[in-house]
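Q: Here's a sequence, model it:
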Amino acid sequence: MTAYEVLAVRYGTRIARKSESYLNFHVYGEPDATMPVDYFFWVVRDERRTVVVDCGFGAEPGRRRGREQLIDPADALRGLGIEPETVDQLVISHAHYDHIGNLHRFPAAEVIIARREFEFWTGPYAGRVQFAHATEADELELLAKVAAEGRLRLVEGSHDLAPGLELVVVGGHTPGQLVAQVAVDGGAAILAADALHFYEELERDRPFFVVADLLEMYRGLDLLREMTADPGRLLVAGHDAQVNSRFPDRLTGLPSGLDDLVVRVAGPGGPG
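A: Just a heads-up that it's a prediction; the model follows:
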């Protein structure tokens, strides 16, 4: 049976307010408050393959948008013994700036993205402000270049990328967000990416403020509930600082500065 090690790498952070994080926060009748927002990418690996899920924001767009970069994502990968230039497969959950900002660091990788996600961001509506504010035009151009080079795999519905590694297309936050379901010892890890920014979205049924289709976003939350209903199903949110406390397992022997930024969601011996 295939069982992967799954790592969440926290490469950036900022402080936000609930009123700017949840859609129509005023309808809940609660006082506003600050909240930490963390930025992650993920590594899925076993003795046969290493798959990177998302690649973080670029340094310049991060600075411009007021995000603190804790470590360069490429340096973090090298600290984990992974050379970005030799990565075979890079899964892109969706095309926002904080998930495709380092595509150029993966020149040999097959890039996997949902068909409807790619077609939207290379289509006529991608430049409209309510969509475009979460993207960088040059990064979308690079995504199109990857396609022209023949390195892009477009997936639909549910797609088995490898034994024990399934990609599921959901809508809502963007037209074709991907969720990864990864087989691990004792169950599965669900890498929700931005189908679930914060656990509170699921626990209190609160959509995130960036939404392409609200009905699809609610359906995505329902799907995550179904995917994690059974014991041994580990849910990993895309931007929640609680990821660090919910998964306390840490790797040893990492370079200084990286050891506090990597959590093992699951690995040898079972879930983290």
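
Q: which SS state does L142 fall under?
A: Of the three states, L142 takes helix according to DSSP: H, G, I helix; E, B strand; the rest coil.

Q: Scan the protein for its longest helix.
A: In the chain, taking DSSP state H as the definition, the longest helix is helix 214-227.

Q: so what does the helix or strand just after that one touch, helix or strand wise?
A: If you walk from helix 214-227 toward the C-terminus, the next helix or strand you reach (DSSP states H and E) is strand 233-237. When contacts are defined as 3 or more Cβ pairs under 8 Å, 6 or more residues apart in numbering; DSSP states H and E, strand 233-237 sits against strand 187-193, helix 199-203, helix 214-227, strand 262-267. For glycine as for every other residue, the C-beta is placed from the backbone atoms N, C-alpha and C.

Q: Toward the C-terminus, what is the element adjacent to strand 233-237?
A: Helices and strands here follow DSSP H and E; after strand 233-237, the next one along the chain is helix 243-246.

Q: can you count the residues close to P107?
A: Around P107 sit 13 other residues, with neighbours defined as other Cβ atoms under 10 Å.

Q: do the same with A137
A: 10.

Q: How about T122?
A: Residue neighbour count, defined by other Cβ under 10 Å, stands at 14 for T122.

Q: From F118, how far out is the nearest residue to it once chain neighbours are set aside?
A: Taking Cβ to Cβ, 6 or more residues apart in numbering as the measure, T122 lies nearest to A144, with 5.3 Å between them; neighbours along the chain are not counted. Plainly put, A144 is 8 Å away from F118 if you go by Cβ to Cβ, to the nearest Å.

Q: what do you get for S93?
A: For S93, the distance to F118 (Cβ to Cβ) stands at 12 Å.

Q: Counting neighbours, go ahead and name the busier of the two.
A: Counted by other Cβ under 10 Å, S93 and F118 do not tie: S93 has more neighbours, with 30 against 25.

Q: So for the more buried one, what's the nearest residue that isn't a sequence neighbour?
A: Nearest non-adjacent residue to S93, counting by Cβ to Cβ, 6+ apart: A193, 3.6 Å away.

Q: mind listing what the one you found touches?
A: Neighbouring residues of A193 by Cβ atoms under 8 Å, 6 or more residues apart in numbering: 53-54, 93-94, 99, 177-180, 238.

Q: which residues sit against stretch 3-10?
A: Contact with stretch 3-10 is made by 38-46, 70, 73, 76-77, 80, 164-165, 182-185, 189, 191, 236, 243-244, 247, 251, 261-268, as judged by Cβ under 8 Å, 6+ apart.

Q: now those: which count as buried?
A: Restricting the contacts of stretch 3-10 to buried positions leaves 38-46, 70, 73, 76-77, 80, 164-165, 182-184, 189, 191, 236, 243-244, 247, 261-267, with burial counted as 16 or more other Cβ atoms under 10 Å.

Q: can you pull the pLDDT of the nearest residue to H104 once chain neighbours are set aside?
A: In space, H104 comes closest to L142 once its chain neighbours are excluded; the distance is 6.3 Å by Cβ to Cβ, 6+ apart. As predicted, L142 sits at a pLDDT of 98.

Q: So that it lines up with my notes, have the first residue be 571 from now on.
A: Shifting the count to begin at 571 puts that one at L712.

Q: residues contacting L712?
A: L712 sits next to 670, 673-674 when contact means Cβ under 8 Å, 6+ apart.

Q: Tell me the bridge partners for the spatially most central residue of the chain.
A: Taking Cα atoms, centre = their mean, the centroid of the chain lies closest to A763, which sits 3.3 Å from it. Taking DSSP bridges as the rule, A763 bridges to A807.

Q: mean confidence score for stretch 762-775?
A: For stretch 762-775, the mean per-residue pLDDT is 98.

Q: mind checking the end-to-end distance for that stretch?
A: Start to finish, the residues bounding stretch 762-775 are 15 Å apart (Cα to Cα, to the nearest Å).
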